[in-house]
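Participant: Requesting a structural model of the entry that follows:
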Amino acid sequence: MQLVEELKEVMTIGEICDHLGVGRSSYYRWKKNNNVETKKDIRDKRMGELCKLHKYRYGYRKITSIYGEPISENTVQKVMQKYGWQC
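Facilitator: Numbering: from 1, shown residues only. As a prediction, this is how the structure comes out:
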């Protein structure tokens, strides 16, 4: 939202959001939660570290078994596919 920060001096936030087709309240909610790391982000980062540690040689079944916490194989598979971490 660098665009909004640049245009903030010329226009109001409401006008900028109208032009972008975004609600003003949605903008402020996004701005508030922008730097918050969710549980999913933490999970994905941990899986990425495991994959990197093992040089991307392990598949989703092995990563699931060494993850350390109960997690579904389907979840691990989807995350690995999303980021291209499949062996």
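Participant: how about the helices in this structure?
Facilitator: 2-7, 13-20, 24-33, 39-53, 60-66, 73-83 (DSSP state H).
Participant: Mean pLDDT and mean neighbour count for these - can I get that in JSON lines?
Facilitator: Glycine gets a C-beta too; all of them are placed from N, C-alpha and C. Putting the helices of the chain into JSON lines (pLDDT from 0 to 100; neighbours: other C-beta atoms under 10 Å) gives the following:
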{"stretch": "helix 2-7", "mean pLDDT": "82", "mean neighbour count": "11"}
{"stretch": "helix 13-20", "mean pLDDT": "90", "mean neighbour count": "14"}
{"stretch": "helix 24-33", "mean pLDDT": "88", "mean neighbour count": "12"}
{"stretch": "helix 39-53", "mean pLDDT": "95", "mean neighbour count": "14"}
{"stretch": "helix 60-66", "mean pLDDT": "95", "mean neighbour count": "16"}
{"stretch": "helix 73-83", "mean pLDDT": "96", "mean neighbour count": "15"}
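Participant: gap between residue 20 and residue 4?
Facilitator: Distance check for residue 20 against residue 4: by C-beta to C-beta, to the nearest Å, it reads 8 Å.
Participant: care to break the protein down by domain?
Facilitator: Partitioning the chain according to the TED database yields domains covering residues 2-34, 39-83.
Participant: What residues does residue 14 make contact with?
Facilitator: Residues in contact with residue 14 (C-beta atoms under 8 Å, 6 or more residues apart in numbering) are residue 24.
Participant: distance of it from residue 40?
Facilitator: 31 Å.
Participant: who's in contact with the spatially most central residue of the chain?
Facilitator: For the chain, residue 41 is the residue whose C-alpha lies nearest the centre (C-alpha atoms, centre = their mean; 5.4 Å). The neighbourhood of residue 41, defined by C-beta under 8 Å, 6+ apart, contains no residues.
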